[in-house]
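Engineer: next come a sequence and a model predicted from it.
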Amino acid sequence: MTDYAIGDIQGCYDELRTVLDTVSFSPSRDCLWVAGDLINRGPSSLDTLRFIEQLGESAKVVLGNHDLHFLAVAIGGHRLRKKDTLADILEAPDHQRLLAWLRQQHLCLHDQKRNLVMSHAGIPHIWSVAQAMALAGEVEAVIRGNDAESYFTHMYGNEPDCWSDELEGTDRWRVITNYLTRMRFVSDAGALELTSKEGVETAPEGYAPWFEFPRDDDVRVVFGHWAALDGNTGQDRFVGLDTGCVWGGALTLMNLDTGEKLRCDC
C-alpha cells in the first residue's frame, strides 16, 4: 500500500488520471490524499468530483477555497462567478449526493505516525497542531450541521484578519476558514494579508510567507493553494503541492513516505 498526496486538481480530470496511471494507482491498495481545490476553473469538475468520491475510503480529502465556494453557491445562495466551471455539477442528476459527500470532508488532517499535517493553505505558526485540528473540527461540524446555510452565507470576507480566542459565531468560523484555505502571507502576530497572491518576493511590508515563521514543533505540513510557489518553500518540512496545473503548469503527486514527486505537465 502506498499513500500519495496530490496538489490542486481544479477539475483537470485528464491530468489526474494520467498521473495516477503513471504510478499504477489502485484504490484497493493505495490511498490518495487530496490537498483541496478538487474542482473549479478546470474543464472537468464533475468528472473529477465523481472520481474522488468513488474512491471511498481510499481518498483522504481536505477542502480548499474553491470547494467551499461551490458549497457556498449550492447552500449559501451565492452566485456563480464568470470564471467558475461548476455548472455541470449543479446540473448533474447526482449533485445532491456529491454535495453531501463534499460536506463530510475535512479542513485539516493529522497523521500522527508520519508527524504530518495537511490542509489546503497550511497552518499558521500561532496555532499548535492540536489547536489547528480542534478549530478545523469546529468549522467541519458547522458545515455538516444545521448552521451550514448561515456559515456559507457569511463565509466571504477578510475580517477579522487575526485569530483571537474571544471570537464567536460567523466571525470565528470565517477567520478559521481563511487560515486553513486562503492563507499566504501573515505577520509575526499571525494577522492575515489576503490580497497578495504572487511569490514570496511580493510579501507586503510587515508580512512574510506563513511557513517562514518558526514553529514550536517539527511537524511536516503538506499544502496546496499557492501556485506561484511552484512547490518551492525552501524548507523540506513545508511541502507545497500546488504547481498550477489549471494555469498551464503541472499536477504534482507525491509519495508521502519517500517524498518522491511526480509531475504531469498540463
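Structural biologist: Perfect, thanks for sending it. Residues are numbered from 1 along each chain as shown.

Engineer: in stretch 215-229, what's buried?
Structural biologist: Neighbour counts using 16 or more other C-beta atoms under 10 Å place R215, V219, R220, V221, V222, F223, G224, H225, W226, A227, A228, L229 of stretch 215-229 among the buried residues. Any C-beta I mention is one placed from the backbone N, CA and C, and that applies to glycine too.

Engineer: quick one: the strands in the stretch 1-150 of the chain?
Structural biologist: When assigned using DSSP state E, counting those that start in this stretch, the strands of the stretch 1-150 of the chain occupy the ranges 3-6, 31-34, 59-61, 108-111, 116-119.

Engineer: identify, out of those, the most deeply packed stretch.
Structural biologist: Most buried of these by mean neighbour count (mean count of other C-beta atoms under 10 Å) is strand 116-119; its value is a mean of 25.

Engineer: quick one: list the elements packing against that one.
Structural biologist: Applying 3 or more C-beta pairs under 8 Å, 6 or more residues apart in numbering; DSSP states H and E, one finds that strand 116-119 makes contact with strand 108-111, helix 129-144, strand 220-223.

Engineer: per-residue confidence averaged over the last one?
Structural biologist: In this case it means strand 220-223. Over the span of strand 220-223, the pLDDT mean works out to 98.

Engineer: other SSEs contacting it?
Structural biologist: For strand 220-223, the elements it packs on are strand 116-119, strand 238-240, judged by 3+ C-beta pairs under 8 Å, 6+ apart.

Engineer: can you redo those as JSON lines with mean pLDDT?
Structural biologist: Formatted as JSON lines, the entries for the helices and strands packed on strand 220-223 read as follows, by pLDDT from 0 to 100:
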{"stretch": "strand 116-119", "mean pLDDT": "98"}
{"stretch": "strand 238-240", "mean pLDDT": "98"}
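
Engineer: got those strands as a markdown table, with distance to H106 columns?
Structural biologist: Supplementary listing: the helices and strands packed on strand 220-223 in a markdown table, determined by distance: least, C-beta to C-beta, whole Å:
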| stretch | distance to H106 |
| --- | --- |
| strand 116-119 | 8 |
| strand 238-240 | 18 |
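
Engineer: show me which of the buried residues of stretch 215-229 is closest to M183.
Structural biologist: The shortest approach to M183 among the buried residues of stretch 215-229 belongs to H225, at 7.8 Å (C-beta to C-beta).

Engineer: which parts of stretch 245-257 are buried?
Structural biologist: Neighbour counts using 16+ other C-beta under 10 Å place C245, V246, G249, A250, L251, T252, L253, M254, L256 of stretch 245-257 among the buried residues.

Engineer: how about those residues, which pair is most distant?
Structural biologist: Spatially, the most separated pair among the buried residues of stretch 245-257 is V246 and L256, at 23.1 Å (C-beta to C-beta).

Engineer: just give the nearest non-adjacent residue to the residue nearest the centre of the chain, would you?
Structural biologist: What sits nearest the mean C-alpha location of the chain, by C-alpha atoms, centre = their mean, is H120, with 2.4 Å. Setting aside the residues directly before and after it, H120 is nearest to G36 in space (C-beta to C-beta, 6 or more residues apart in numbering), at 3.1 Å.
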